[in-house]
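here is my input, please return the structure:
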Amino acid sequence: SEPEPESEPEPESEPEPEPESEPESESEPEPEPESEPEPESESEPEPESEPEPESEPEPESETLSIIDFDTSNIYFDNTQTISSSLSTTFGNSVDVYENYLVIGSYTENYKLLNGETTNIVGSVYIYEYIYVVEELKSMWVQKYKIVPPENDVEESMKFGFNVSISKNFIVVGSPGKSDNSGVVYVYTYNDNSYELDTVIKDDNSESGDEFGTAIDVYEGINSYIIIGAPYKTKDNKKCGAAFIYKYITNQWSNVKLLYPHLKIDNLLFGNSVIIRDDFALVGAPFKFQEKKYTYRGHVYIYNNTKDTNTNEYTDDWINNHENSIDADDSDILAISGDAIRGGGINFNENISIFDGFGNSIIYNDYRYDPYIFVGAPNYENNKGAVVLFKFEGGKWNKKQLIEGETDSLFGSTISGNDNYLAVSSPGNNKLYIYVRKQDDPNEWVKLKEIENYSENGLIVTNNDVILLGNNSVFEYKTYEPEPSPESEP
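Predicted coordinates for the structure are as follows:
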């Protein structure tokens, strides 16, 4: 119902014809239970409809939302491809909110009104998941394209290097802007289009900070944006920083600047970030351990505590156990805090050079139990791993270690939801899909390997759909096959 903008770009949706009926097979079986109310209105014919309950096994397709351990009857196939010829980084960053998909393409060139071209400027594309009559199915359809303001365009600004979307905001990182000092653009939806609302800058930025490398926007009790600047200098060390902004009286205000307690060059603090109302996660994948002269990744966890009188968040963002990250331990440390989700997580298991722990992080509330997944692509000489932590008993406890193959860099990028975990493995050009066991939510089992996957953007949506960028964006969807005619009653 929304009009298409005039500047519609070249990227087009290329639906895969083979699984066209599969998305329908997920939704169409559901109406069958509607026959149950019929006995109330009709008395005599209804005994003939009593065999209907025999067909009730079909609602097993609903178990895709709480997946069963038996994965033999679950399939996972490509259902749509969105491609672009304008950039080799189309899909490098992706994010989803409900039925809206945001795709970054940070190396796309930009044509000025005078006809001149500026290289490696970048663009962001917005798709909506809607029913397409011509295709007889629902699919992702491009609705908008966002580019930086023309008076702000610079070569190599990398607009769209990272993207994040919430209900009312789209946030776009541009870490290459102003000689790699970086800026972040915030857009809001207004009058059938997305308009630039705010440009966020670090007032004390320096060349090479790369502010905007990692971003996350969240709308809950309050609205927050967290922005990573992994090369920001503190105490003459390029250790990195993370900035927390809060939406107050219709503007974004910086309420906290986070630094690692140990200032070391190339720590990459802020390389990955996540924020909610009550906590923030900041990854530092190249954590240097002075005692052993090795690199160890770290995930910092900050509490946003509440005022005891007003019960409102104070925006103090405290890490109560930063000094514990240098603990010399032979296994994974789950460091508890004085308040929920306090402290930090340090991964020190069988490390030779560096593990990159914290290179990518995701947070998930599964049935109100908080989990954190952390990618460590350099674990055991680039074998790679993903580590699952659960918050219980006042601390974060390791629940599972999933390892990759030799030199696979398993865990370089991860994404997941309640049921599915997707893990990139660029060393062997594979993407691995894991599913949560129903009888043990702390354990994940492998569902599928996708071959010839070159790492780029990666997202798992709440609709059990995985989108991954490889100069294109591919949609993969889980489904159960339609019953054969012989099995139908």
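
contacts, neighbours, all on C-alpha from now
Noted.

list the contacts for Ala422?
By CA atoms under 8 Å, 6 or more residues apart in numbering, Ala422 lies in contact with Ile414, Ser415, Gly416, Leu431, Tyr432, Ile433, Tyr434, Leu458, Ile459, Val460, Ile466.

burial of the residue nearest to the fifth one when sequence neighbours are not counted, as a residue count?
Spelled out, it's Tyr432. Leaving aside its chain neighbours, Tyr432 sits nearest to Glu449 (4.7 Å; criterion: CA to CA, 6 or more residues apart in numbering). For Glu449, the neighbour count with other CA atoms under 10 Å is 15.

wait, Glu449 sits on Ile433?
Yes - A contact is recorded between Glu449 and Ile433 when judged using CA atoms under 8 Å, the distance being 6.3 Å.

spit out the residues that contact the two alike.
Here Glu449 and Ile433 share no contacting residue, scored by CA under 8 Å, 6+ apart.

any residues touching the helix or strand where Leu468 lies, and which ones?
The secondary structure element spanning Leu468 is strand 465-469 (assigned by DSSP states H and E). Residues outside strand 465-469 that contact it (CA under 8 Å, 6+ apart): 90-94, 422, 455-460, 473-478.

and Gly220, what's its pLDDT?
The predicted local distance difference test score for Gly220 is 94.

and for Arg341?
pLDDT, Arg341: 27.

for the helix or strand where the residue nearest to Tyr432 lies, packing partners?
Element membership for Glu449, per DSSP H and E: strand 444-451. Strand 444-451 sits against strand 430-436, with contacts defined as 3 or more CA pairs under 8 Å, 6 or more residues apart in numbering; DSSP states H and E.

and the angle from the strand it packs on to strand 465-469?
With axes from the mean of the first three to the mean of the last three CA atoms, to 10 degrees applied, the angle from strand 430-436 to strand 465-469 works out at 160 degrees.

using PDB, list the CA coordinates for strand 430-436.
Once side chains and other backbone atoms are set aside, the C-alpha atoms of strand 430-436 remain, and they are given as PDB (Å, rounded to 0.1, in the frame of the first residue of the first chain):
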ATOM      1  CA  LYS A 430      30.400 -23.400   4.900                       C
ATOM      2  CA  LEU A 431      27.500 -22.200   6.900                       C
ATOM      3  CA  TYR A 432      26.300 -24.500   9.700                       C
ATOM      4  CA  ILE A 433      22.700 -24.600  11.000                       C
ATOM      5  CA  TYR A 434      22.100 -25.900  14.500                       C
ATOM      6  CA  VAL A 435      18.800 -26.600  16.200                       C
ATOM      7  CA  ARG A 436      18.000 -26.500  19.900                       C
END
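
tell me the contacts of Leu431?
Leu431 sits next to Ala422, Val423, Ser424, Ser425, Glu449, Ile450, Glu451, Tyr453 when contact means CA under 8 Å, 6+ apart.

one step back: partners of the strand holding Leu468 in the sheet?
Strands flanking strand 465-469 in the sheet, each with its direction: strand 458-460 (antiparallel), strand 472-479 (antiparallel) (DSSP bridges).

rounded mean pLDDT for that strand, please.
The predicted model gives strand 465-469 an average pLDDT of 73.

ditto for stretch 180-188
When pLDDT is averaged along stretch 180-188, the result is 98.

what comes up buried for that stretch?
Asn180, Ser181, Gly182, Val183, Val184, Tyr185, Val186, Tyr187, Thr188 (16 or more other CA atoms under 10 Å).

dump these to CSV, plus distance to Thr117.
Output for those, formatted as CSV (distance: CA to CA, whole Å):
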residue, distance to Thr117
Asn180, 20
Ser181, 23
Gly182, 21
Val183, 21
Val184, 22
Tyr185, 22
Val186, 24
Tyr187, 24
Thr188, 27
